[in-house]
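**Student:** Here is a sequence together with a model predicted from it:
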Amino acid sequence: MSYKIAIGSNDNKSVNQHFGTCEGFGIYIVDDNGGYKYSEYRKTAASCGTGEGHDEKMQNSVNALADCRIVLINQAGPCAVMKLNAAGIQFLAVSGNIDQILPRLIVYLKKQNKQF
């Protein structure tokens, strides 16, 4: 079985974006054997701020990630976390190199016996 992880990155090398200012997410496919590969980039609109359309933009970003099980992002506000959780998407705040984070995440999930 495989599942998708969305990563907020502006360089496709590191997790370094805030959910509200992120303009797109790299989507990675992770398999049960611990392998992963880059799949696609999904463009979203930055939603941070209190201006008109803020909630709609944030919900659109969450909707764009609806088929992902986990979002790795540097930081997210409580509203974004609430919307992600409501959509069944787990949020993890991390930073660093994607190729170092993903293998550690996979090991962690296996130890926790997480089934996706």
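**Tutor:** Received it, and whenever you're ready, just let me know what you need.
**Student:** end-to-end on stretch 80-91?
**Tutor:** Criterion C-alpha to C-alpha, to the nearest Å; first-to-last residue distance in stretch 80-91 is 9 Å.
**Student:** Which parts of that stretch count as buried, going by neighbours?
**Tutor:** In terms of neighbour count (16 or more other C-beta atoms under 10 Å), stretch 80-91 has its buried residues at 80-81, 83-84, 89-91. C-beta: built from backbone N, CA, C; applies to glycine.
**Student:** Tell me the one of those residues nearest residue 9?
**Tutor:** For these, the closest approach to residue 9 (C-beta to C-beta) belongs to residue 91, at 15.2 Å.
**Student:** For the protein, which segments count as strands?
**Tutor:** 2-8, 14-15, 24-31, 36-43, 68-73, 90-93, 96-97 (DSSP state E).
**Student:** and of those, who's closest to residue 62?
**Tutor:** Checking the strands of the chain against residue 62 by C-beta to C-beta gives strand 68-73 as the closest, at 8.9 Å.
**Student:** Sweet, I'm off.
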